[in-house]
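Asker: Below are the sequence and a predicted model; questions follow.
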Amino acid sequence: MRTRRPGRRSRVALALSTLLAGTCLAALPTPASAAGGITVSYRTSASAATTDQSEPWLKVRNTGSSAVQLSQVKVRYYFKSDAPNADYRFACSWAVKGCASITGTFGTLGHPTATADRYLEIGFTPGAGSLAPGADTGDMQLRFYQSDWQSFNQGNDYSFNGSQTSYADWNKVTASLGADAAWGTAPDGNDPTDPGGPTDPGGGTTDPSGGHALFDDFSYSGPADPGLAAHGWSIRTGAGGPGIQNTWSADAFSFPADATAKGGHAMQLRATTDGTQAGTKQAEIDTTRRKFFEGTYAARVYFNDKPTSGQNGDHVNETFYTITPDDSLYSELDAEYLPNGGWGAPGPTLYTTTWYSADAMDRVTHNEINSLQGWHTLQMTVGNGTVTYYVDGRQYFTSGGKYYPREPMTIDFNEWFIDLPFTGNRVWDQRVNWVYYNDAGVLTPDQVNTAVNGYYAAGTHFVDNVPNR
């Protein structure tokens with residue numbers, strides 16, 4: 001169990017007049033988009049032609065006479081890729097509407113030009129709400145970059161204007177409202193409502209199970225690698241529990257070579273202590289977006305029954321889990337390995353637990369006394385009212401009813417001490433080879449393995465095209 005840390009060409013309106021030999025037809029209803037019009041304002045805070053990330057900041061304004069549902073709006077920013085296989089990532093730094101209400105996907109143009117062969121398409125979830133006549137979205141501070149953080153030239157991009165550092169209408173960004181073009185001029189030969197072709201954000205690998213996927217093999221240089229934040233991970237350094245309070249540290253993370261790991265490297269979480277709170281460090285890493293809900297979660301994790309150094313006997317917890325803040329719709333799915341037991345129970349044991357309320361300690365759980373020293377694939381599926389846990393392809397536990405998750409969650413790993421039973425220096429290590437999520441539904445362990453093997457075979461280190469919620 002754990003306590004979550006305490007508290008980031010307007011569209012021309014259609015007109016119809018019909019005269020039929022003295023017969024007056026009843027007025028036809030006006031389409032929802034006909035009475036509306038939108039414009040897009042643009043500015044950039046990254047004005048240099050050569051950069052490691054492009055920053056198109058946008059505002060969408062309703063210039064019509066009726067409300068516009070933002071979920072019907074799509075905005076496209078057009079650019080020229082520096083290499084045929086360049087792999088791009090989208091991020092929202094801040095938005096008045098909230099970054100969780102904004103989506104960003106990449107597409108390829110059907111008719112490439114000298115200044116554009118791809119586009120970033122910005123969309124909105126239903127949670128973004130509507131724009132009243134005359135209202136705008138406010139700031140949307142957006143950015144995109146290559147997955148390897150190599151510098152690129154944005155000076156020749158169709159939609160880029162390095163001199164526009166204050167908001168102004170910009171017709172080289174297009175917008176559509178429903179199926180209709182609503183604003184701007186697309187690059188020659190292209191239509192802003194053309195579906196184009198998808199640009200897979202994972203370096204050319206399409207998940208065989210369909211759906212939207214997250215995959216990461218943790219190819220990072222260290223805890224300060226900017227790729228971690230760019231890929232939506234946050235290493236915890238703040239206060240709170242669980243375990244030994246206020247001992248979370250970025251120093252607890254490394255990304256070493258590992259001949260036993262698929263791909264030859266892994267992420268290492270290290271918990272260290274000398275038996276005192278001041279001498280303790282614990283490790284936790286979380287996704288920054290709470291956008292994972294129904295679907296399939298999996299990770300390959302290395303558990304240790306003994307410390308890397310020092311005396312054995314700690315009640316240490318090595319984990320893979322999902323969680324929401326402790327609010328009225330609290331949801332949490334845990335896989336927690338206790339090599340020496342804990343909470344009054346012996347070890348080694350793996351607890352799988354589905355929570356309804358952390359405050360009320362209302363949950364259902366299952367554990368088996370059995371060593372899991374070494375690498376194991378942990379899987380959790382959430383669908384059709386049932387949560388199912390697997391260990392190395394074997395069904396381990398199921399839960400349902402009121403314990404079914406009720407809202408989107410983050411994906412997390414941590415290693416922490418339940419208590420400190422003795423003094424003396426000791427070091428505990430847990431490793432994570434890869435993590436995978438797919439929102440297509442309940443996948444079998446074989447389907448997960450096929451998808452993960454496909455990413456490795458393609459040399460793909462990271463994918464995240466799961467929409468924000």
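Answerer: Received the coordinates, thanks. Numbering: from 1, shown residues only.

Asker: From the structure, what's the count of residues near residue 309?
Answerer: A count of neighbours around residue 309, defined by other C-beta atoms under 10 Å, yields 11. Where C-beta positions appear, they are placed from N, C-alpha and C, glycine not excepted.

Asker: Retrieve the pLDDT associated with residue 108.
Answerer: At residue 108, the pLDDT value in this model is 88.

Asker: what about it, neighbour count?
Answerer: 13.

Asker: what sits opposite it in the beta ladder?
Answerer: residue 118, residue 197 (DSSP bridges).

Asker: quick one: it and residue 153, what's the gap?
Answerer: 19 Å (C-beta to C-beta, to the nearest Å).

Asker: Residue 441 now?
Answerer: Taking C-beta to C-beta, one finds residue 441 at 41 Å from residue 153.

Asker: Kindly report the same for residue 91.
Answerer: From residue 91 over to residue 153 (counting by C-beta to C-beta), the distance is 20 Å.

Asker: Looking at those two, which is more packed in?
Answerer: residue 91 (18 against 14).

Asker: where does the residue nearest to the more buried one when sequence neighbours are not counted land on pLDDT?
Answerer: Counting by C-beta to C-beta, 6 or more residues apart in numbering, residue 91 lies nearest to residue 143, which is 5.3 Å off, once chain neighbours are set aside. Looking at residue 143, its pLDDT reads 91.

Asker: Tell me which other helices or strands the helix or strand containing residue 143 touches.
Answerer: For residue 143, the enclosing helix or strand under DSSP states H and E is strand 140-146. Here strand 140-146 touches strand 56-62, strand 88-95, strand 102-108, strand 118-124, going by 3 or more C-beta pairs under 8 Å, 6 or more residues apart in numbering; DSSP states H and E.

Asker: any chance of these in CSV, plus distance to residue 342?
Answerer: What follows is the helices and strands packed on strand 140-146, written out as CSV (distance: least, C-beta to C-beta, whole Å):
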stretch, distance to residue 342
strand 56-62, 49
strand 88-95, 38
strand 102-108, 41
strand 118-124, 45
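
Asker: closest one to residue 215 among the ones you listed?
Answerer: Of all these, strand 88-95 sits nearest to residue 215, with 13.1 Å by C-beta to C-beta.

Asker: Can you show me the CA trace of the closest one as CSV?
Answerer: The C-alpha trace of strand 88-95 is given here as CSV (Å, rounded to 0.1, in the frame of the first residue of the first chain):
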residue,chain,number,x,y,z
TYR,A,88,9.0,13.6,-33.6
ARG,A,89,7.3,14.0,-30.3
PHE,A,90,4.6,16.4,-29.1
ALA,A,91,4.4,18.1,-25.7
CYS,A,92,2.1,20.7,-24.1
SER,A,93,4.0,22.8,-21.6
TRP,A,94,1.1,24.8,-20.4
ALA,A,95,-2.4,25.8,-21.5
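
Asker: May I see the buried residues of stretch 305-325?
Answerer: 307, 310, 314-325 (16 or more other C-beta atoms under 10 Å).

Asker: Among those, name the ones in strands.
Answerer: Within those, residues falling in strands by DSSP state E are 316-323.

Asker: which among these gets closest to residue 424?
Answerer: Closest approach to residue 424 among these (C-beta to C-beta): residue 316, at 14.3 Å.

Asker: I figured that closest one was touching residue 415, is that so?
Answerer: Yes - using C-beta atoms under 8 Å, residue 316 is in contact with residue 415, at 6.8 Å.

Asker: so what's in contact with those two at the same time?
Answerer: 271, 428 (C-beta atoms under 8 Å, 6 or more residues apart in numbering).

Asker: quick revisit: for the ones in strands among the buried residues of stretch 305-325, work out which two are farthest apart.
Answerer: Longest span within those, C-beta to C-beta: 316 and 322, 20.7 Å.

Asker: What is the burial count for residue 61?
Answerer: Residue 61: 20 neighbours (other C-beta under 10 Å).

Asker: Contacts only, for it.
Answerer: Taking C-beta under 8 Å, 6+ apart, one finds 38-41, 131, 134-137 in contact with residue 61.

Asker: which residues touch the lengthiest helix in the chain?
Answerer: In terms of residue count, the longest helix belonging to the chain (DSSP state H) is helix 445-457. Applying C-beta under 8 Å, 6+ apart, the contact partners of helix 445-457 are 202, 205, 207-209, 213, 215, 217, 262-263, 296, 298, 377, 379, 390, 392-393, 434, 436, 438, 443, 463.
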